[in-house]
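[1] sequence and predicted structure below; questions after.
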Amino acid sequence: MVGSVRSHPVSELIIGRLRRWIRDRGSEPLITYYDLASGERTELSGVSLTNWVDKTSNLLVDELMIDPADQAELSLAATHPGHWVTLVWELACWQVGAVVTLGQPSSAQVLVAGPEPLPIAGQNFQLVICSLHPLGLGLPTPPTGGALDYALEVRGQPDQHAASPQSGLALAWRDQERQVTQAELVDRPLPPARRRLIRPGDPWATAQAALLDPLLSGGSSVIVVGPADDEALARIATQERADLAG
């Protein structure tokens with residue numbers, strides 16, 4: 001059952017929390033991403049993450065013509081819920097007032113997907129494909145059918161985005177089980193400020209643990225995907241000085 005939309009007055013939305021995180025912690029790591037299958041380790045400071053968010057926001061507004069309340073179907077969040085590129089897209093959508101949706105492509109203006117083949121055809125959205133290459137390279141072959149290669153398109157965007165104020169009442173996330181407003185992204189119990197190791201799973205739970213919680217608390221996330229036993233996770237947690245999730 002989809003939850004009802006509710007909101008409470010808040011003084012600062014999630015993009016404001018990102019800017020505050022930067023003021024308080026500067027270039028410290030905010031997101032550290034491990035893919036144990038490929039050996040990838042990508043670390044993004046608050047400054048670096050914001051740069052990606054601003055570039056993606058400019059892509060959404062200036063190239064994809066996204067307006068506030070337009071829907072962005074984040075297939076990427078279903079297939080790669082903890083990838084740092086997924087988190088960038090979520091924040092960029094919220095910065096420009098777009099609604100992140102899952103499982104509702106027919107009403108979306110843009111669909112953001114990973115490199116896997118999509119079983120969706122004949123829709124009216126603009127398809128953007130993310131290579132998820134650890135060095136930010138584009139797809140090995142150009143996409144067809146009018147689809148855009150995210151890595152190539154975002155590269156030329158300005159590094160800063162002149163964000164417009166968003167309403168706390170505006171919808172920020174919608175899937176088959178819930179609707180969440182901009183205000184509800186931040187109107188939640190304050191977690192402890194810690195560096196936390198996270199194993200991604202459910203897209204919404206991952207967005208909360210890997211993105212919202214550290215931005216609200218002043219913490220950070222170490223996201224680990226791929227096969228790993230308890231010993232391997234404990235070793236990474238020790239190396240990163242992170243608490244195991246729980």
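    Right, received. Where do you want to start?

[2] for Ser57, give me its contacts.
    Remark: with contacts taken as Cβ atoms under 8 Å, 6 or more residues apart in numbering, Ser57 is in contact with Ala92, Gln95, Val96, His161, Ala163. Every residue, glycine included, has its C-beta placed from N, CA and C.

[3] for the protein, what spans make up the helices?
    Secondary structure of the chain, counting by DSSP state H: helices at 14-25, 46-58, 75-79, 84-96, 150-155, 182-186, 203-207, 213-217, 230-240.

[4] between the ones you listed, which gets nearest to Tyr34?
    In terms of Cβ to Cβ, the element of those nearest to Tyr34 is helix 230-240, at 6.5 Å.

[5] for the closest one, name the packing helices and strands.
    Helix 230-240 sits against strand 195-198, strand 220-225, strand 243-244, with contacts defined as 3 or more Cβ pairs under 8 Å, 6 or more residues apart in numbering; DSSP states H and E.

[6] now it: buried residues?
    Residues Leu233, Ile236, Ala237, Glu240 are the ones in helix 230-240 that count as buried (16 or more other Cβ atoms under 10 Å).

[7] likewise stretch 214-224?
    Taking 16+ other Cβ under 10 Å as the neighbour-count basis, stretch 214-224 is seen to contain the buried residues Pro214, Leu215, Leu216, Ser217, Gly218, Gly219, Ser220, Ser221, Val222, Ile223, Val224.

[8] pull the contacting residues for the first one.
    For Pro214, the contacting residues are Trp21, Leu30, Arg196, Ser220, Ser221, by Cβ under 8 Å, 6+ apart.

[9] try Val99
    By Cβ under 8 Å, 6+ apart, the contact list for Val99 reads Ala69, Asp70, Gln71, Ala72, Cys93, Ala170, Leu171, Ala172, Trp173, Arg174.

[10] which of those residues are buried?
    Burial of the contacts of Val99 was assessed by neighbour count (16+ other Cβ under 10 Å); the buried members are Asp70, Gln71, Ala72, Cys93, Ala170, Leu171, Ala172, Trp173, Arg174.

[11] return the per-residue confidence for the most centrally placed residue in the chain.
    The centre of the chain sits closest to Leu87, judged by Cα atoms, centre = their mean, with a distance of 1.7 Å. The predicted structure scores Leu87 at 98 on the pLDDT scale.

[12] for Arg199, see how far away the residue sitting furthest away from the middle of the chain is.
    In the chain, the greatest distance from the average C-alpha position (Cα atoms, centre = their mean) is reached by Glu231, at 28.3 Å. With distances taken as Cβ to Cβ, to the nearest Å, Glu231 is found 14 Å from Arg199.

[13] number of residues surrounding the closest residue to Gly103 other than its chain neighbours?
    Nearest non-adjacent residue to Gly103, counting by Cβ to Cβ, 6 or more residues apart in numbering: Gln176, 5.4 Å away. In terms of burial, Gln176 registers 10 neighbours under the definition other Cβ atoms under 10 Å.

[14] and what of the one 3 residues further on?
    The number of residues packed around Gln179, counting by other Cβ under 10 Å, is 17.

[15] quick one: it from Pro189, how far?
    For Gln179, the distance to Pro189 under the criterion Cβ to Cβ works out to 19 Å.

[16] next one: Leu44
    From Leu44 across to Pro189, the span is 25 Å (Cβ to Cβ).
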